[in-house]
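Peer 1: build me a model from this:
(one chain, ligands or ions: 1)
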Amino acid sequence: MAEHFVIIGAGQAAAQAVATLKAEGYSGAITVIGDEPFAPYQRPPLSKAYLSGAMERDRLFLKPDAFYAEAGCELVLGTAVASIDRLQRTIALVGGRVLPYNKLLLATGTRVRRIPVPGETLPGVHYLRGIADVDTLRAAFEKGAKLAVVGGGYIGLEVAAVAVRQGLEVTVFEALERVMARAVSPELSTFYQRVHREAGVRLELNTGVEAFEGEGRVSSVRAGGKSHPADVVLVGIGVVPNVELAKDIGLPCEDGIVVDDCTRTPDPAIFAAGDCTRHTTHNGRLVRLESVQNAIDQAKHAALAMIGRPTSYKEVPWFWSDQYDLKLQIAGLAQAGDVLVLRGDPSARKFAVFHSRNGAVAAVEAVNAAPEYIVGRKLIAEGAKVAPERLADTSVPMKNIAQA
Ligand SMILES: Cc1cc2nc3c(=O)[nH]c(=O)nc-3n(C[C@H](O)[C@H](O)[C@H](O)COP(=O)(O)OP(=O)(O)OC[C@H]3O[C@@H](n4cnc5c(N)ncnc54)[C@H](O)[C@@H]3O)c2cc1C
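Peer 2: A predicted model of the protein is given here:
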């Protein structure tokens, strides 16, 4: 019987896995099952160009329809997988259809973390994960409307940047003492706080949201013991991995489906890739990453493992965020105790913060600074040692930085 690979989840990782299977000569059948009614699409523009209206919906899709047909891949969309039977090697869809598999890839991503406060289900309170979410949020973006953003992370701040430029009155509520606190250095947070305030965004730091208030629809946000008027609310307080299918069949899950460096689970027929996984990174840390890079690279490794050619996943993690005219690019994983080295001038809106660990470059956060990001990423992969004072010296071009 011809081989049949099944991929659960029709997102970034799924599209890449199909592309790699095809490129590597897999000639069996593939079925991709997604619960959203869309073929795999890119999410990053959802809080950036698609939200602002600068990008049309058609451009979100990762591959044309013909790509899947040519790859021998059936897309089953708008249908969730309800369960997996490991012994029979079958999956059951909601609605009853049962499909056999030889190899199974779990690429189920994440879902938004809901905020457990009164009024959370009031009309006017939005979350942002998929195309449909942006379409409804965008419809509420009227000039002069009061937008309350709950959570000063990447998504909340990207939405704030788009909204304030469209003439909304924007307030960001962040429970911690600085924005993007879990993701970037204090230097970066301070810089982005200044930029947002200069653009007209009100930042309420150290301010947890206690409730959403309103009769029939949200009209204010209760935070820091006060009511703040709001016409629209966007909650962006993180995501939770979709691990239930894996958990139900006894696969190890720990804030993500635990996979080895080749994306394998303990079941030799089941693999996992993307936001839903937890794996050991290039420098030995167990992490769950939420990024396009991780979804793409892990999916490539998963496809190879599925066709019997497992290879170790050692890519340096990288990420980006667009806010206003600022491209933030991050490579590597920062850690408490890193020595922070500033290169360039934040007031010129072009600088980088390097994280040095035991003399080696461990991570870089670059704002409008492509050479720092590109060379920094290479230095991280090589474990290169560069003295902090040299990293800080802008008279040494980045391309020569490692030649001490
Ligand atoms: C608004 C937004 C902005 C972002 N910006 C950036 C950025 O700037 N840079 C960056 O690197 N990353 C960014 N990301 C993160 C990036 O998009 C994700 O890391 C990436 O999409 C992960 O790919 P994935 O395939 O693992 O999961 P997803 O793309 O989320 O795909 C998983 C799919 O599986 C489906 N699914 C789950 N359970 C089932 C089931 N039982 N049956 C069928 N289908 C199921 C889900 O509904 C989903 O459609 C952003 C994400 C969002 C939401």
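Peer 1: residue in the stretch 51-200 of the chain nearest to the ligand?
Peer 2: Closest approach of the stretch 51-200 of the chain to the ligand (CB to the nearest ligand atom) occurs at Gly109, with a separation of 2.6 Å. Every residue, glycine included, has its C-beta placed from N, CA and C.
Peer 1: which residues touch that residue?
Peer 2: Gly9, Gly11, Gln12, Ala13, Pro241, Asn242, Gly274, Asp275, Cys276 (CB atoms under 8 Å, 6 or more residues apart in numbering).
Peer 1: for it, phi and psi?
Peer 2: Gly109 adopts backbone torsions of phi 60, psi -150, taken as degrees, to the nearest 10.
Peer 1: ok, Thr190 next?
Peer 2: phi -60, psi -40.
Peer 1: quick revisit: so which of the contacts of Gly109 belong to strands?
Peer 2: Pro241 (DSSP state E).
Peer 1: show me what from the chain comes close to the ligand.
Peer 2: 8-14, 33-36, 43-44, 46-47, 80-81, 107-109, 128-129, 155, 242, 245, 274-276, 290-293, 295, 319-321 (CB under 6 Å from any ligand atom).
Peer 1: show the buried residues in the residues you listed.
Peer 2: 8-14, 33-36, 43-44, 46-47, 80-81, 107-109, 128-129, 155, 242, 245, 274-276, 290-293, 295, 319-321 (16 or more other CB atoms under 10 Å).
Peer 1: domain ranges for the chain, per the record?
Peer 2: 4-111+239-306, 125-235, 325-400 (automatic domain parsing).
Peer 1: what average pLDDT does the first one get?
Peer 2: Same thing as domain 4-111+239-306. What domain 4-111+239-306 shows for mean pLDDT is 97.
Peer 1: for that domain, how far is the first residue from the last?
Peer 2: In terms of CA to CA, to the nearest Å, the two terminal residues of domain 4-111+239-306 are separated by 11 Å.
Peer 1: do the same with stretch 44-51
Peer 2: In stretch 44-51, first residue to last residue: 10 Å (CA to CA).
Peer 1: residues contacting Gly72?
Peer 2: Gly72 neighbours (CB under 8 Å, 6+ apart): Lys22, Ser27, Gly28, Ala29, Ile30.
Peer 1: excluding chain neighbours, what is closest to the residue of the stretch 51-200 of the chain closest to the ligand?
Peer 2: Distance criterion CB to CB, 6 or more residues apart in numbering; nearest residue to Gly109, sequence neighbours excluded, is Asp275 at 4.6 Å.
Peer 1: surely the one you found meets Glu290?
Peer 2: Yes. Between Asp275 and Glu290 there is a contact at 5.0 Å, judged by CB atoms under 8 Å.
Peer 1: give me the common contacts of these two.
Peer 2: Thr110, Val239.
Peer 1: show me what the lengthiest helix in the chain is packed against.
Peer 2: Ranked by residue count under DSSP state H, the longest helix found in the chain is helix 292-306. Contacts defined by 3 or more CB pairs under 8 Å, 6 or more residues apart in numbering; DSSP states H and E place helix 292-306 against helix 12-23, strand 103-106, strand 270-272, strand 318-323.
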